[in-house]
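Student: Predicted model, plus sequence, below.
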Amino acid sequence: MRTNDYFDIAIIGAGPAGATASMFLSKAKIPHLLIDKAVFPRDKICGDALSGKVLPVLRKINPAFVDELGHDAKALGSYGITFGAPNGKSIEIPFRSVTSRVEFAPGFISRRIDFDHFLVSKIDPSFAHFVQHAELKNAEYSDHGLNLSVSAHGNEKTYFTKLAICCDGDRSVIAKKFGEKKVEESHYCGGIRAYYKGITGMNERNFIELHFLKELLPGYFWIFPLPDGYANVGAGMLSKSLSRKRINLRGAMMKAIEENPSISHRFKNAELTGKISGWGLPLGSRKRNLSGNNFLLCGDAGSLIDPFTGEGISNAMYSGMAAAETAQEAIIKNSFGRNFLKQYDEKIYARLWSELKLSHTLQRLCNYPFLFNLVVNKAEKSKTFRETISCMFDDLNLREKLRKPSFYFKLILNK
């Protein structure tokens, strides 16, 4: 049902999670409200990496979108990952799924100002009432749903909805008010991002780079290539570690760029473009309630960021798709309570929890730099071992080995 101020479904936030939810609702011919406090195109502080789970979601919406992204000059295809160990050695691991049958790269890097606008441009106005420059200020329960107090273009307006799909990020209004949203330093990461041009030594197949530098342990440093010779450069570390060690993340990153022998020579003639910006990353390293009476939490609002890589776009899009599917079932059953919507949590964690749990294990390994040195040293000498690591990106059963101490004993003993 839809009137000027009443919608069965309201989506808060039009980033990757919200835009994806909107497109799936439109595909099901379900009218809905979509609001965002910004006006697109707008920038978003992020690492800009799109993992392999993005393309299957886009393909389900419309296969033509995948083709369009694959030929978009503002999106750079990536075919692998480089791991840099604290001892300065590094290994390049191609994504195993790269075969002659793959038409496009298994991963992409695209500035959020471009990728988010790409998604928003696909929103269907026939079913989505899209209001930009509209910020949710408050939400209150009524007899049959939620009253949403929205400030739109300087005017106050109230919308009523039976179901709010919350895609408004780490500071989600509804997640804070009705969920269990709070900052937990053990499950929250501080991150900073900068754009550089002219970094040398980039992989010709646009591998993304994760470096575990001594200045930033137990965090990491990244270099993600972008079109036209640019790169997204940043660093991340658990808030718990930042507080305990009193680390200035920006200072530590700049010190690494200027002095670390593994990377400093690559920045000798590089130019910083724009400012260095920081943001918080709510990590999916523990299970949380992702639903409640009349609401679902997606993406950063549900703390679904990968604990090891910091990548959140693909999980945001998957959760947006799952939220739209749950919303469709809720409309059919006319059931919007906590007990019915709990199926959304089950669907999300059935798909993502194994990955998130394994990534949390890898994140904790940052406390043991000798293990990273060991793995990289071994991989440098053994093609078979490099192929094993490559397989781990696609095979969760194989990645499970990383959680077992016996894996490292075998690694040490195996010549």
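Tutor: Yep, it's here.
Student: Stretch 331-339 - what's its average pLDDT?
Tutor: When pLDDT is averaged over stretch 331-339, the result is 97.
Student: How far does stretch 41-48 stretch from one end to the other?
Tutor: With CA to CA, to the nearest Å applied, stretch 41-48 spans 15 Å between its terminal residues.
Student: what do you get for stretch 65-78?
Tutor: 18 Å.
Student: show me what contacts Gly18?
Tutor: Contacts for Gly18 (CB atoms under 8 Å, 6 or more residues apart in numbering) come out as 11-12, 34, 36, 165, 167-168, 298, 320. No exception for glycine: its C-beta is placed from N, CA and C like everyone else's.
Student: Out of those, name the ones that lie in strands.
Tutor: Using DSSP state E, 11-12, 34, 36, 165 are the members of the contacts of Gly18 that sit in strands.
Student: Identify the farthest-apart pair in these.
Tutor: Spanning the widest gap among those are Asp36 and Ile165, at 12.7 Å by CB to CB.
Student: just checking, Ala139 touches Leu146?
Tutor: Yes: between Ala139 and Leu146 there is a contact under CB atoms under 8 Å: 5.1 Å.
Student: who touches both of these two?
Tutor: Joint contacts of Ala139 and Leu146 (CB under 8 Å, 6+ apart) are 164, 174.
Student: Residue ranges in this structure under the pLDDT threshold?
Tutor: Scanning the chain for pLDDT under 70 picks out 1-4, 96-103, 181, 378-415.
Student: What are the boundaries of the helices in it?
Tutor: In the chain, helices defined by DSSP state H lie at 16-27, 54-61, 63-70, 112-120, 173-178, 239-245, 249-259, 313-333, 338-364, 369-381, 383-392, 396-399, 405-413, listed in chain order.
Student: I'd like the distance from stretch 138-148 to the chain centre, please.
Tutor: 29 Å (CA atoms, centre = their mean, to the nearest Å).
Student: Contact partners for the residue most central in space within the chain?
Tutor: Compute the mean C-alpha point of the chain, and by CA atoms, centre = their mean the closest residue is Gly312, 0.8 Å away. Contact analysis of Gly312 by CB under 8 Å, 6+ apart lists 46, 281, 299-300, 304-306.
Student: Can you name the two of those that sit furthest apart?
Tutor: Maximum pairwise distance in the contacts of Gly312, criterion CB to CB, is 14.0 Å, between Cys46 and Leu304.
Student: Output the ones in strands among the contacts of Gly18 in CSV, with distance to Val150 and neighbour count appended to each entry.
Tutor: Listed next are the ones in strands among the contacts of Gly18 as CSV, based on distance: CB to CB, whole Å; neighbours: other CB atoms under 10 Å:
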residue, distance to Val150, neighbour count
Ile11, 12, 33
Ile12, 9, 31
Leu34, 12, 29
Asp36, 11, 25
Ile165, 15, 32
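Student: Looking at the residues you listed, which is nearest Leu356?
Tutor: Ile165 (20.7 Å).
Student: show me what contacts that closest one?
Tutor: Ile165 is in contact with 9-12, 18, 21, 295-296, 298, 320, 323-324, 327, counting by CB under 8 Å, 6+ apart.
Student: Now rank those by neighbours and give me the top one.
Tutor: Among the contacts of Ile165, Cys298 has the most neighbours (other CB atoms under 10 Å), with 36 neighbours.
Student: just checking, Leu58 touches Gly70?
Tutor: No: between Leu58 and Gly70 there is no contact, the gap being 10.0 Å when judged by CB under 8 Å.
Student: More neighbours: which of the two?
Tutor: Between Leu58 and Gly70, counted using other CB under 10 Å, Leu58 has the larger neighbour count: 23 against 14.
Student: Excluding covalently adjacent residues, which one is nearest to the more buried one?
Tutor: Take Leu58 and drop its neighbours on the chain: the residue closest to it by CB to CB, 6 or more residues apart in numbering is Phe65, 4.5 Å away.
Student: gap between that neighbour and Gly77?
Tutor: Using CB to CB, to the nearest Å, we find Phe65 at a distance of 15 Å from Gly77.
Student: What distance do you get for Arg171 to Val183?
Tutor: Using CB to CB, Arg171 is found at 10 Å from Val183.
Student: List phi and psi for Ser285.
Tutor: phi -90, psi 0 (degrees, to the nearest 10).
Student: what's around it, how many residues?
Tutor: When neighbours are defined as other CB under 10 Å, Ser285 has 23 of them.
Student: go on, His129?
Tutor: Each residue near His129 was counted by other CB under 10 Å, and the total is 15.
Student: OK, contacts around it?
Tutor: Taking CB under 8 Å, 6+ apart as the criterion, His129 is in contact with 2, 7, 31-34.
Student: looking at the residues you listed, which has the most residues close by?
Tutor: Leu34 (29 neighbours).
Student: For Thr309, which residues are in contact?
Tutor: 49, 51, 210, 359.
Student: these two touch, right, the second one and Phe308?
Tutor: No: in terms of CB under 8 Å, Ser51 does not count as a neighbour of Phe308; the distance is 11.7 Å.
Student: if we can go back for a sec, include distance to Leu371 when you put the contacts of His129 into a markdown table, please.
Tutor: A markdown table is the format used below for the contacts of His129 (distance: CB to CB, whole Å):
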| residue | distance to Leu371 |
| --- | --- |
| Arg2 | 55 |
| Phe7 | 51 |
| Pro31 | 53 |
| His32 | 48 |
| Leu33 | 49 |
| Leu34 | 45 |
